[in-house]
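# Quick one, fold the following:
(4 chains)
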There are 2 protein chains.
Amino acid sequence: MPYRRTENVVRRLAAREQTILDAAQSIASESGMGAVQIAPVAHRADIAAGTVYRYFPSKNNLIAEVIALAAGRELAAMREAADAAPGPLSALASCIATFAARALNDRRLTWAVLAEPVDANIDALRVEFRRAIAGELAWRINIAISGQHLPDQDARAVAPAIVGALLEGLIGPLAAPGGNAREAVQNVTLFSLRALGVVDAHARGLIAQCMIPELGSYSNKVTRFTPCSSGSSAT
Amino acid sequence: MPYRRTENVVRRLAAREQTILDAAQSIASESGMGAVQIAPVAHRADIAAGTVYRYFPSKNNLIAEVIALAAGRELAAMREAADAAPGPLSALASCIATFAARALNDRRLTWAVLAEPVDANIDALRVEFRRAIAGELAWRINIAISGQHLPDQDARAVAPAIVGALLEGLIGPLAAPGGNAREAVQNVTLFSLRALGVVDAHARGLIAQCMIPELGSYSNKVTRFTPCSSGSSAT
DNA sequence: CGCGGACGTGAATCAGCATTCAGTCGATCC
DNA sequence: GGATCGACTGAATGCTGATTCACGTCCGCG
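You can find the predicted model right below:
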């Protein structure tokens, strides 16, 4: 007869799992996805390498989980910011600024989660995440178009370009490292809005009113992101 | 007494080296940088694995060479297109459109060379390449700004964002695969020009006059790209 | 010719890492 | 208080893929 899982044990196991996830994320955030290896993660979590496999069936699964958690967090923040805005263009601006601000807040992690290749299986999940972000933007863009706030254009095509511009312009290897973060966020947001066809002066106005998340501290909701498409096994 | 290298031998060796480079590039172009492994490259070049090492001291050096060659090709094409244009904004538009068109022409290779991570040492070279492209754009942007054709802005910050938008918007995993290539090029160019602050109508005019390289065939000059910074050993 | 050096070969070596598993230990149950 | 269960350990295993090297082969040389 199998043993029951004591309340205590359940807590301990859950805590351990979280510890592993935290270890993996912090390593990713410090040294990139490539550095997320079983041995270092286990070491940082103060457990043996083998133990990791009691919690995650494979390294890929662990990484996938890290990505899914980060993705859920970012998407939720973007939605929240956009939903709080007064109009379609404001929503768009907030959405972009929020993504930008949070990315800037933890450059390396964002890069690791969104851009740094690891493995073909993982890449599939990452692409889902990017798609979700681009989709979120595309959705808002379409609303603005149908309200005549933006010139007619193919939102599905433009949204990825904005994501690329944000990533490359803010946290890519070429982006200036230091500088005024708030200003950088406002600049890329302005850039994006203009690219969408908002005239310069209007865009500046929108940005001025835009809530930009406090840099240095942001919500850490743990709504795991689940891609809609079925096929992301991440073996 | 060491033997001299016969004319014939020199030719043969050079041809072999080229064959290896071609093999590596074609594999990268078909399956990405990850698939550029010594064994497959050697196989495609019809030589033994060990022979590759008579021509390149390490795999990284081989890959670095592939990247440098591609980079030189692309930069030259961008410069040529821009220099042939009548004015600063035209030059900018041509530069962007050329990059876009050529990238679209060989998506996978462009992606492999510009975006697909391989190894930290290689990444350094890749970053140099990106920097060179962004620098080329920044240069043209600054000319346009000083001629009052563009609103004042930080070209060094904006140029990488444009590169990101082009890559992600055209050849990234989210970009629509099929479709009208010429139209796609014109769309991202329009997007970029607007982002820089060119008003919509004017941008469209510029693009209409813009020479877009024939899709499907383009110059294959072999001006190897050499990053200016000294430290790109690529061990 | 026939010697010797350079090229070419590909099997063996080496290294990095994920994954496994026989063995240890503390908690749970009767 | 034993009998087990099941988590934990970490050394051993296995795989993938770059790199090496002892040995053929070719060709310029006298």
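# alpha carbons only for contacts and neighbour counts from here, please
OK.
# Give me the buried positions along the longest helix anywhere in chain A.
Ranked by residue count under DSSP state H, the longest helix found in chain A is helix A:120-146. Buried residues in helix A:120-146, counted by 16 or more other Cα atoms under 10 Å in any protein chain shown: A:121-145.
# which other residues reach whatever helix or strand comes next after it?
Once helix A:120-146 ends, the next helix or strand along the chain (criterion: DSSP states H and E) is helix A:155-166. With Cα atoms under 8 Å, 6 or more residues apart in numbering or on different chains as the test, helix A:155-166 has contacts from A:100, A:131, A:133-135, A:137-139, A:141-142, A:188, A:192, A:196, B:160-170, B:174-176, B:188, B:191.
# do stretch A:10-24 as well
Contacts of stretch A:10-24 (Cα under 8 Å, 6+ apart): A:Val36, A:Val41, A:Ala42, A:Arg44, A:Ala45, A:Val52, A:Tyr55, A:Leu62, A:Ile63, A:Glu65, A:Val66.
# Highest neighbour count among those residues?
When neighbours are counted by other Cα atoms under 10 Å in any protein chain shown, A:Val41 leads the contacts of stretch A:10-24 with 25 neighbours.
# Could you list the contact residues of chain A toward DNA strand C?
When proximity is defined by Cα under 7 Å from any atom of the strand, chain A lies next to DNA strand C at A:3-6, A:8-9, A:36-39, A:49-51, A:53, A:57-60.
# the helices in chain A, which residues?
A:7-31, A:38-45, A:49-55, A:59-83, A:88-105, A:107-114, A:120-146, A:155-166, A:181-196, A:200-209.
# now those helices in JSON lines, with mean pLDDT?
Output for the helices of chain A, formatted as JSON lines (pLDDT from 0 to 100):
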{"stretch": "helix A:7-31", "mean pLDDT": "96"}
{"stretch": "helix A:38-45", "mean pLDDT": "98"}
{"stretch": "helix A:49-55", "mean pLDDT": "98"}
{"stretch": "helix A:59-83", "mean pLDDT": "96"}
{"stretch": "helix A:88-105", "mean pLDDT": "96"}
{"stretch": "helix A:107-114", "mean pLDDT": "94"}
{"stretch": "helix A:120-146", "mean pLDDT": "95"}
{"stretch": "helix A:155-166", "mean pLDDT": "97"}
{"stretch": "helix A:181-196", "mean pLDDT": "96"}
{"stretch": "helix A:200-209", "mean pLDDT": "95"}
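# rewinding a little: check the residues of chain A next to DNA strand C for burial and list the buried ones.
Judged by 16+ other Cα under 10 Å, buried ones among these: A:Val36, A:Ile38, A:Ala49, A:Lys59, A:Asn60.
# for the third one, what are its contacts?
Contact criterion Cα under 8 Å, 6+ apart gives A:Ile38, A:Ala39, A:Ala42, A:His43 as the residues in contact with A:Ala49.
# Backbone dihedrals for A:Ile212, please?
phi -110, psi 130 (degrees, to the nearest 10).
# do the same with A:Arg224
phi -60, psi 140.
# Touching, it and A:Ala68? I think so.
Yes. Counting by Cα atoms under 8 Å, A:Arg224 does reach A:Ala68; the two are 5.5 Å apart.
# Same drill for those two, tell me which one is more crowded.
Just comparing A:Arg224 and A:Ala68: by other Cα under 10 Å the higher neighbour count belongs to A:Ala68, 23 against 17.
# how about the helices of chain A, which one is nearest B:Pro117?
Judged by Cα to Cα, the one of the helices of chain A that comes nearest to B:Pro117 is helix A:107-114, at 11.5 Å.
# which helices and strands does that closest one pack with?
Counting contacts by 3 or more Cα pairs under 8 Å, 6 or more residues apart in numbering or on different chains; DSSP states H and E, helix A:107-114 packs against helix A:7-31, helix A:59-83, helix A:120-146.
# Run the chain-centre distance for the last one.
Just to be clear, that refers to helix A:120-146. Chain-centre distance of helix A:120-146: 11 Å, with Cα atoms, centre = their mean, to the nearest Å.
# what's the answer for the second one, then?
Here the centre of mass of C-alpha atoms in helix A:59-83, compared against the chain's by Cα atoms, centre = their mean, lies 5 Å away.
# Buried residues in that helix, which are they?
A:59-79, A:81-83.
# what's that helix in contact with?
For helix A:59-83, contacts defined as Cα under 8 Å, 6+ apart pick out A:21, A:24-25, A:36-38, A:56, A:90-96, A:98-99, A:102, A:113, A:121-122, A:125-126, A:129, A:132-133, A:136, A:211, A:219-226, A:234-235.
# A:Gln25: what's its closest spatial neighbour, skipping adjacent residues?
Leaving aside its chain neighbours, A:Gln25 sits nearest to A:Val66 (6.3 Å; criterion: Cα to Cα, 6 or more residues apart in numbering or on different chains).
# and A:Gly197, what is it in contact with?
Counting by Cα under 8 Å, 6+ apart, A:Gly197 has contacts A:Leu150, A:Pro151, B:Arg194, B:Ala195, B:Asp200.
# ChimeraX command to pick out the buried ones of these?
In ChimeraX, a selection of the buried entries from the contacts of A:Gly197 looks like this (16+ other Cα under 10 Å):
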select /A:150 /B:194,195,200
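# Can you tell me which of the contacts of A:Gly197 is closest to DNA strand C?
B:Ala195 (40.6 Å; Cα to the nearest atom of the strand).
# Next, work out how far apart A:Pro117 and B:Val158 are.
Applying Cα to Cα, to the nearest Å, the value for A:Pro117 to B:Val158 is 25 Å.
# Quick check on these two: which one has the bigger neighbour count.
A direct count of neighbours by other Cα under 10 Å for A:Pro117 and B:Val158 places B:Val158 higher, at 26 against 19.
# Need the nearest residue in space to A:Leu170, chain neighbours excluded.
A:Leu170 sits nearest to A:Leu104 (Cα to Cα, 6+ apart), 6.7 Å away.
# what's the neighbour count on that neighbour?
By other Cα under 10 Å, neighbour count at A:Leu104 equals 24.
# Verify the stated contact: it with A:Gly169.
No. With contact defined as Cα under 8 Å, A:Leu104 does not count as touching A:Gly169 (10.4 Å).
# Now for A:Asn180, how many residues are close by?
By other Cα under 10 Å, the residues close to A:Asn180 number 8.
# do the same with A:Val113
When neighbours are counted by other Cα under 10 Å, A:Val113 registers 29.
# go on, the one 3 residues further on?
Counted with other Cα under 10 Å, the burial measure for A:Glu116 works out to 19 neighbours.
# which residue sits closest to it, ignoring its sequence neighbours?
Per Cα to Cα, 6+ apart, closest to A:Glu116 is A:Met33, 6.7 Å.
# Point out the residues in chain A that sit beside DNA strand D.
Counting by Cα under 7 Å from any atom of the strand, the residues of chain A that sit close to DNA strand D are A:Met1, A:Pro2, A:Tyr3, A:Leu13, A:Arg16, A:Asp46, A:Ile47, A:Ala48, A:Ala49, A:Gly50, A:Thr51, A:Arg54.
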